[in-house]
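Visitor: below is the sequence, then the predicted model.
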Amino acid sequence: MSIDNIFALISGISGFFPVLATVYNYKHLDRVLKIAALYFLISSTFDPVMWLMSESGTKNNMPVIHLNILVSLIFYTLIYYVLFNKPILKKITLALAFITFVLMLYFNSNMNEYPTVSNTSLSVSLIILSLIYFYKLLNPLKYIDIEKQGLFWINAGVLFYSSVNIFLFMLLTQIPISDRHNYYIINSITNIIANILFSVGLLCKPHKTT
C-alpha cells in the first residue's frame, strides 16, 4: 500500500474520532455541540461510501464530494448562526452561505466534475466565520478559560483545515494526475489533525465563566 493510501485510510478512520467522543460525552454537550456532533456523524460516512464505490468499480465519485460540500455548508451555517449572538453576525453567516451556494450552483453545476469553486468558496466562508469567532472568544465580556471551551477546539479545527487546504482546492484540477498523490497526503494529514481537534472539543466538559 502506498504512503498516500495509508494516510487516506487513517484519514477515513479519523472521521469516527468525533463520533466516539460524542458517544462518550453526549450528556455534557450543549445545543451547538450537538449540532456539530450530528454533522460529524454524517460526515464520517462519506469516506466509507467513496471507498465502497471505488471497490464496486465506480470510477467517478464526484457526486459524493458535491453532496459532502453541500452538507458541510448547511451544517456549518447552522452551527455559526446558532453560535453567534449578535444579529449582524447572524446576517453575515447567512450572507456568506448564500454567496457560497450561488457560486456552487453557477460554477460547479456539473456533478461529475471536481467542485473547485465550491470547495474554495466554502473554505473562504469558514475562514471568515472562524476568525470572527476567535475574535469574539479572545475579547470576552467575562473571563473564560478558552482551552476549556469545546467550541474553541472545534473552531480551531475548522480554521486549520480550511486555511491549509484552500490552495489545494483551488489548484487541484491544474495539478497533473501523476503528481496529485503528494497533495492528497496534505489533505489527509490536515483532516486527521482537524478530527483530533474536533474530538477534543466534544470531550470538553461545561465550563462556567467567572
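Guide: Structure's in. What do you need? Residues are numbered from 1 along each chain as shown.

Visitor: just list the residues touching the closest residue to Leu131 other than its chain neighbours, thanks.
Guide: Excluding its sequence neighbours, the residue lying closest to Leu131 (CB to CB, 6 or more residues apart in numbering) is Leu159, at 7.0 Å. Bear in mind the C-beta positions are built from the backbone N, C-alpha and C, glycine included. Contact analysis of Leu159 by CB atoms under 8 Å, 6 or more residues apart in numbering lists Leu126, Ile127, Ser130, Leu131, Phe134.

Visitor: tabulate those (TSV), appending pLDDT and neighbour count.
Guide: Converted to TSV, the contacts of Leu159 look like this (pLDDT from 0 to 100; neighbours: other CB atoms under 10 Å):
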residue	pLDDT	neighbour count
Leu126	98	24
Ile127	98	16
Ser130	97	22
Leu131	97	13
Phe134	92	15
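
Visitor: so how far is the helix or strand of the chain at the bottom of the mean pLDDT ranking off the chain centroid?
Guide: Least confident element among the helices and strands of the chain, by mean pLDDT, DSSP states H and E: helix 46-55 (a mean of 87). Offset of helix 46-55 from its chain centre (CA atoms, centre = their mean, to the nearest Å): 19 Å.

Visitor: cool, and stretch 115-134?
Guide: With CA atoms, centre = their mean as the basis, stretch 115-134 stands 10 Å off its chain's centre.

Visitor: what sits up against that stretch?
Guide: 62, 65-66, 69, 72-73, 76, 80, 83-84, 89, 92-93, 96-97, 99-100, 103-104, 107-108, 151, 155-156, 158-159, 162-163, 165-166, 169-170, 172-173.

Visitor: would you put the C-alpha positions of stretch 190-201 in PDB?
Guide: Extracted C-alpha coordinates of stretch 190-201, given in PDB (Å, rounded to 0.1, in the frame of the first residue of the first chain):
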ATOM      1  CA  THR A 190      -4.900  18.100   7.800                       C
ATOM      2  CA  ASN A 191      -8.100  16.000   8.000                       C
ATOM      3  CA  ILE A 192      -6.600  13.800  10.700                       C
ATOM      4  CA  ILE A 193      -5.400  16.800  12.800                       C
ATOM      5  CA  ALA A 194      -8.800  18.500  12.300                       C
ATOM      6  CA  ASN A 195     -10.700  15.400  13.500                       C
ATOM      7  CA  ILE A 196      -8.500  15.200  16.600                       C
ATOM      8  CA  LEU A 197      -9.300  18.900  17.400                       C
ATOM      9  CA  PHE A 198     -13.000  18.200  16.800                       C
ATOM     10  CA  SER A 199     -12.800  15.200  19.200                       C
ATOM     11  CA  VAL A 200     -11.000  17.300  21.900                       C
ATOM     12  CA  GLY A 201     -13.800  19.900  21.600                       C
END
